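Engineer: need coordinates for the below:
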Amino acid sequence: EGAERICRVLNIHEVFSRKVLSDDCEKAKPHPEPYLRGLQKISVPPENALAFEDSVTGVTAAVAAGIRTVGVLTSQPSERLIAAGTLFNIHDFADKKLQDLLGVKAADKWK
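Structural biologist: Model prediction:
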């Protein structure tokens, strides 16, 4: 699993006590089931969640689950992610649009 590998490599596995992996769902993205199961596990309604996605299938799943979604520009053109339903797209997590949405200022290390 990609998510499990990333958590191990970054040594943050213990930070996430609840995860939804592909084996937990009957349907994969672009179906909203992975997001809906995740929201259920943490008891958060979709309107209180924010998703970050870098693929059209991921954006489609998050939006279908009713989650506001920010596109992360890694490999997809901005226009494709916007067309799939993102609020806006960012290149990195220090982006001013994201800071404004969250009402925070990025730490210097992210600038």
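Engineer: only C-alpha atoms from now on, for both contacts and neighbour counts.
Structural biologist: OK.
Engineer: strands along this protein, start to end?
Structural biologist: 50-53, 68-72, 89-90 (DSSP state E).
Engineer: nearest residue to T69 other than its sequence neighbours?
Structural biologist: Residue nearest to T69 in three dimensions, not counting chain neighbours: A51, with 4.6 Å by Cα to Cα, 6 or more residues apart in numbering.
Engineer: quick one: contacts of stretch 40-51?
Structural biologist: For stretch 40-51, contacts defined as Cα atoms under 8 Å, 6 or more residues apart in numbering pick out R18, L39, A62, A65, G66, I67, R68, T69, V70.
Engineer: which ChimeraX command selects the buried ones in these?
Structural biologist: Applying 16 or more other Cα atoms under 10 Å to the contacts of stretch 40-51, the buried members can be selected in ChimeraX as follows:
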select :39,62,65,66,67,68,69,70
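Engineer: and which of the contacts of stretch 40-51 is nearest E4?
Structural biologist: R18 (11.8 Å; Cα to Cα).
Engineer: where does the chain have low pLDDT?
Structural biologist: The model of the chain has pLDDT under 70 over residues 1-3, 6, 10, 105-111.
Engineer: list the contacts of L73.
Structural biologist: D54, N89, I90, H91, D92.
Engineer: separate out the buried members of those.
Structural biologist: Using 16+ other Cα under 10 Å, the buried ones in the contacts of L73 are D54, N89, I90.
Engineer: does the last one have beta-bridge partners, and which?
Structural biologist: Per DSSP bridges, the residues bridged to I90 are V72.
Engineer: quick one: the helices in this structure?
Structural biologist: Along the chain, counting by DSSP state H, helices occupy 2-9, 33-42, 56-64, 78-84, 96-102.
Engineer: K27: which of the ones you listed is closest?
Structural biologist: Using Cα to Cα, the nearest of the helices of the chain to K27 is helix 33-42, at 6.3 Å.
Engineer: can you tell me the closest non-neighbouring residue to the residue sitting nearest the centre point of the chain?
Structural biologist: In the chain, the centroid-proximal residue (Cα atoms, centre = their mean) is F52; its distance is 2.7 Å. Once flanking residues are discounted, F52 sits nearest to V70: 4.9 Å by Cα to Cα, 6+ apart.
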